[in-house]
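Peer 1: would you be able to build a 3D model of this:
(chains A, B and C)
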Amino acid sequence: MEKAAGFTLGELAVALGATLEGDPGRRVSGVAALDAAGPEQISFLIDNRYRPAAEASRAGALLVAESMSGLSGPLLRTSTPQKALIALLTLFHPASAPPAGVDPSAIVARDARLDPSASVGALAMIGAGAVIGPRARIHPMVYVGAGVEVGEDSVLHPRVVLCEGVRLGCRVNVQAGAVVGGDGFGYVFDGAGHRKIPQVGIVVIEDDVDIGANTTIDRAMLGRTIIGRGTKIDNLVQVGHNVEIGEHSIIVAQVGISGSCRLGRGVVAAGQVGFADHLTIGDGAVLGAQAGVHEDVPAGDRRLGTPAVPMLQAKRLFATQKHLPDMSRRLRAAERRLEELETRLGIARPKTGTSGTADDRA
Amino acid sequence: MEKAAGFTLGELAVALGATLEGDPGRRVSGVAALDAAGPEQISFLIDNRYRPAAEASRAGALLVAESMSGLSGPLLRTSTPQKALIALLTLFHPASAPPAGVDPSAIVARDARLDPSASVGALAMIGAGAVIGPRARIHPMVYVGAGVEVGEDSVLHPRVVLCEGVRLGCRVNVQAGAVVGGDGFGYVFDGAGHRKIPQVGIVVIEDDVDIGANTTIDRAMLGRTIIGRGTKIDNLVQVGHNVEIGEHSIIVAQVGISGSCRLGRGVVAAGQVGFADHLTIGDGAVLGAQAGVHEDVPAGDRRLGTPAVPMLQAKRLFATQKHLPDMSRRLRAAERRLEELETRLGIARPKTGTSGTADDRA
Amino acid sequence: MEKAAGFTLGELAVALGATLEGDPGRRVSGVAALDAAGPEQISFLIDNRYRPAAEASRAGALLVAESMSGLSGPLLRTSTPQKALIALLTLFHPASAPPAGVDPSAIVARDARLDPSASVGALAMIGAGAVIGPRARIHPMVYVGAGVEVGEDSVLHPRVVLCEGVRLGCRVNVQAGAVVGGDGFGYVFDGAGHRKIPQVGIVVIEDDVDIGANTTIDRAMLGRTIIGRGTKIDNLVQVGHNVEIGEHSIIVAQVGISGSCRLGRGVVAAGQVGFADHLTIGDGAVLGAQAGVHEDVPAGDRRLGTPAVPMLQAKRLFATQKHLPDMSRRLRAAERRLEELETRLGIARPKTGTSGTADDRA
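Peer 2: A predicted model of the protein is given here:
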């Protein structure tokens, strides 16, 4: 990462719109975590859980929320600490912008249209008819297929593959190794073998979407696979053909979304969640880590477990299931006690086995 | 995707072997889903669940099964609608065939043997002694290692890696980013560290296999990892060393198959299934999504859950487990009732705790 | 894999420090598994489970443990059979070393520092200021970002991406397609959208680490993501930002480790395990396949299941849960029997429903 030379606390207070408690002339040369920062560095305390670390920190200054009290040392107070942290990190680590233009080792189709402010890195390839917008940064070794569109200020990290016809909006950020527009997984068994259903649709990635490293997003069989504006997708995620994800959703690493699912706006799918095909997941639904989702989820619902059930129910289930072996033992004991009582009272009954039925062992 | 200019319904009826109900001169310019199609497009109704969408569709014509009754508008009737749909999509979107020959930016070892009808794309690399069959299409940026064999009509999408010695049959289709022939994961701990067991086997991919984007298939430690003829593998699947998969199996996205597993013919593993090592999975076995398979599965068995159990049993378990907290409460109540009865009848008993044993909290 | 021409059993006995029972002049041309080996090949019997295969084997010789008795035919006996097997495989399949130097099609920044004994393959790229150590092998199509350091004898297989600033120790082996140093997944929702927290840290891979194909290891938000010395990571693993993994750990395929987790020394995470963020996993902990780990794990603990619980408890749970439907039925029966007893004894009670509460169906 590039790194700026340093700032005075006074300069930082102005840049971040923060209130300084301390010497405005004091200089810091970088940002570091509370336990790693030295006197030359600024750190931050946003989550009160880390207060002991802040008190023990050797940092030369701290960025803190307005409400934090009782801290000594130079402080930059702000009412929006998370936003200020982003600004602080960006000040010290400005995004590097490679020079506009095409590296001589890149291969660009004659009829591709590149904005002059775009950059195309070494050994990258831009296919026929592709359109690359202003200030787009195509890193080295990226493959941009025929007819692909990349919107302004989008960034394709090394070795990204955008297959034929994929459309990216503006400010889309694709991490290394992601594949957008591979064929969907659709076959028909004809008695002799699985015959592939041609996958002739496209993928549309709307503005401000981020896509993680080595993630795969399949093209639609017909029509479009769509990732909605502002949605963030982590690494190694699988998005099947004809999936539609709404705006501002969060899809954590290793999630798998089967074909034709429709996820709403603001959905959160934690790591390793799996969705069966053709599901509708409502706006704002939250799926806990490793959930196996096999039915539609209403807007705002929180689900967990396999199969996924409402989160509170899942947590109760998780809390109870550890007692299951004990429950089994107690149930057997209760049955014996019942028998004894029934015997005393002269009630005759067919004996109930305590082991599973034949079915259960099938 | 390339796209043909259009066809009359009469032409389509002939090409698909379908019976036309409607004007043979009417022209359609593309295929679209029922809800997306306009009067210029043909759509299809194969699954009766979509009948309402078909009735509401603005499509200029419909491809339907012979048995579908009560639909108006131009119809193409066929006894094999899925096969006809594949033919229809292929007519409108013929697979693009790059010109035969080697792109000047590709790097081909002197002793590699390329059929003159094969194509090698830009910035691809073909290693020493590799053999590329007739009409094989090596897309840009593909890496073909030394001694690799690629059979006729196989397609390697951009950025595929075939490591040294891998053998691909005919009509194999590998999506972007897949890695075939990486080292298997085998180590011996010698007291000081994990020592790698050299992985010196190969991978054999038989005819008509499809491999998904960013999927990884490891070479055998010794001998061969084998993917059987006609098997289709989705994205982000892990196939360990010395695995053998039979013919015509279906491996859905994010499945993990540990080393030395043997899957039979026609096995179906749904998304995110995991297989422990050295298992034998019989022909036609079906593993439900996210199943954790820890023991051999007989031919034809259907399994689900972690650990995987017969599917009906798993479904009964899933249906029951949501009542587990309720069962726990009821069991406690039953125990209290038993105590009361025993007290009435003057039966003395050691009190049974209702919480788990120490063991359970271990 | 390259392959040596062959060795006599006498030569092998010397090279492996083994005791030969048989003709020292007999020649073998390769190593093969017990069932695949012919008279020209040597095989091995390390695990007694494979003894029947050894007895049926046509191998020309066997490498066996000193203690194996009752086997006929030429034998190479050793007290360290696994180590000897590694040596045997390495003898027959010596690691191929490409010639030192830079392929003319590679692109190397002017200020990159390459040791003269290092090799850089075709179409690879070495960024500004990168440092490549002695005998490092950069395979074709690898991307080494600006400021990256690669230690001596490290191997980067085709198409590996090391993003800016990543540091690799010595003898690190990275399989094809892995991405080290992609951005971590960190966002702040500001009411209008998810704002990315700049990820400005690095990744440090210590000596003797192996990284699998298409695995992704994210750079720290600040500071370092660290993979400790001797740790082995399989394919398609996700390691989040700021994760620290201790020395000599084993991370099997498709594991997901969320941000800021600290795994100790000698941890084993089996396939598809998921770790929630910010967990501390003690030295020597073992996590069974598909475990969902949501809390800290003490050193030496073995966990299994979702949520992960002590392994013995999980196994008891797995054994019991298959009887859950039967338990439900028996609990209902017990309740009916209680009612009958209570009726007999004239005890009045509110009737208890046997189905779940409204809550359970929420």
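Peer 1: alpha carbons only for contacts and neighbour counts from here, please
Peer 2: OK.
Peer 1: which residue does the stretch 51-200 of chain A have closest to chain C?
Peer 2: The minimum distance from the stretch 51-200 of chain A to chain C, using CA to the nearest CA, falls at residue A:86 (5.4 Å).
Peer 1: that residue reaches residue C:198, doesn't it?
Peer 2: Yes: shown here, residue A:86 and residue C:198 form a contact pair, counting by CA atoms under 8 Å, at 6.5 Å.
Peer 1: tell me the secondary structure of the residue nearest to residue A:348 when sequence neighbours are not counted, please.
Peer 2: What sits nearest to residue A:348 in space, not counting adjacent residues and going by CA to CA, 6 or more residues apart in numbering or on different chains, is residue A:342, at 7.1 Å. On the three-state scheme (DSSP: H, G, I helix; E, B strand; the rest coil), residue A:342 is labelled helix.
Peer 1: one more: the one 5 residues further on?
Peer 2: Under the three-state scheme (three-state DSSP), residue A:347 adopts coil.
Peer 1: separation between it and residue A:338?
Peer 2: When distances are taken as CA to CA, to the nearest Å, residue A:347 and residue A:338 turn out to be 10 Å apart.
Peer 1: quick revisit: how deep is the closest residue to the residue of the stretch 51-200 of chain A closest to chain C other than its chain neighbours tucked in, by neighbour count?
Peer 2: For residue A:86, ignoring the flanking residues on the chain, the nearest one in space by CA to CA, 6+ apart is residue C:197 at 5.4 Å. Other residues lying near residue C:197 total 20 when counted by other CA atoms under 10 Å in any protein chain shown.
Peer 1: may I have the residues that are in contact with residue C:197?
Peer 2: Applying CA atoms under 8 Å, 6 or more residues apart in numbering or on different chains, we find residue C:197 in contact with A:85, A:86, A:89, C:186, C:187, C:188, C:221.
Peer 1: return the member of these nearest to residue C:165.
Peer 2: residue C:221 (13.0 Å; CA to CA).
Peer 1: give me the pLDDT for that closest one.
Peer 2: The pLDDT attached to residue C:221 in the predicted structure is 97.
Peer 1: would you agree it is in contact with residue C:259?
Peer 2: No: assessed by CA under 8 Å, residue C:221 is found out of contact with residue C:259, at 9.5 Å.
Peer 1: which residues are in contact with both of these two?
Peer 2: C:184, C:241, C:242.
Peer 1: can you pick the most crowded of the residues you listed?
Peer 2: When neighbours are counted by other CA under 10 Å, residue C:241 leads the shared contacts of residue C:221 and residue C:259 with 32 neighbours.
Peer 1: tell me how far the residue nearest to residue A:348 lies from residue B:336.
Peer 2: Computed as CA to CA, the residue A:342 to residue B:336 distance reads 17 Å.
Peer 1: just residue A:89 next, same as before
Peer 2: Distance of residue A:89 to residue B:336, computed by CA to CA: 62 Å.
Peer 1: same question for residue A:99.
Peer 2: When residue A:99 is compared with residue B:336 (using CA to CA), they lie 79 Å apart.
Peer 1: one more: residue A:300?
Peer 2: As for residue A:300, its distance to residue B:336 is 39 Å (criterion: CA to CA).
Peer 1: can you pull the contacts of residue A:87?
Peer 2: Contacts for residue A:87 (CA under 8 Å, 6+ apart) come out as residue A:16.
Peer 1: going C-terminal from the helix or strand containing it, what's the next secondary structure element?
Peer 2: With secondary structure defined by DSSP states H and E, residue A:87 is part of helix A:81-92. Using DSSP H and E, the helix or strand that directly follows helix A:81-92 along the chain is strand A:101-102.
Peer 1: sketch out the low-pLDDT regions of the stretch 201-350 of chain A for me.
Peer 2: Regions of the stretch 201-350 of chain A meeting the criterion pLDDT under 70 cover residues A:349-350.
Peer 1: what residues does it put near chain B?
Peer 2: By CA under 8 Å from any CA of the partner chain, the part of the stretch 201-350 of chain A that sits against chain B consists of A:201, A:214-216, A:222-223, A:236, A:238, A:254, A:256, A:274, A:276, A:292, A:307, A:313-314, A:316-317, A:320-323, A:326-327, A:331, A:334, A:337-338, A:341.
Peer 1: and chain A, what are its domains?
Peer 2: Here chain A is described, according to automatic domain parsing, as comprising the domains A:7-92, A:101-313.
Peer 1: highest mean neighbour count out of those domains?
Peer 2: domain A:101-313 (a mean of 24; mean count of other CA atoms under 10 Å in any protein chain shown).
Peer 1: for residue A:39, give me the pLDDT.
Peer 2: The predicted local confidence for residue A:39 comes out at a pLDDT of 95.
Peer 1: related to what we said a few turns ago, residue A:347 and residue A:338: who's more crowded?
Peer 2: A direct count of neighbours by other CA under 10 Å for residue A:347 and residue A:338 places residue A:338 higher, at 20 against 13.
Peer 1: buried sites along whichever strand or helix holds the more buried one?
Peer 2: Secondary-structure element containing residue A:338, defined by DSSP H and E: helix A:324-344. Using 16 or more other CA atoms under 10 Å in any protein chain shown as the test for burial, helix A:324-344 gives A:324-328, A:330-332, A:334-335, A:337-339, A:341-342.
Peer 1: now the helix holding residue A:87: average pLDDT?
Peer 2: In the prediction, helix A:81-92 has an average pLDDT of 95.
Peer 1: so which bits of the stretch 1-150 of chain A are right by chain C?
Peer 2: By the rule CA under 8 Å from any CA, the part of the stretch 1-150 of chain A lying against chain C is A:1, A:31-33, A:36, A:82-83, A:85-86, A:89-90, A:93, A:122-123, A:140-141.
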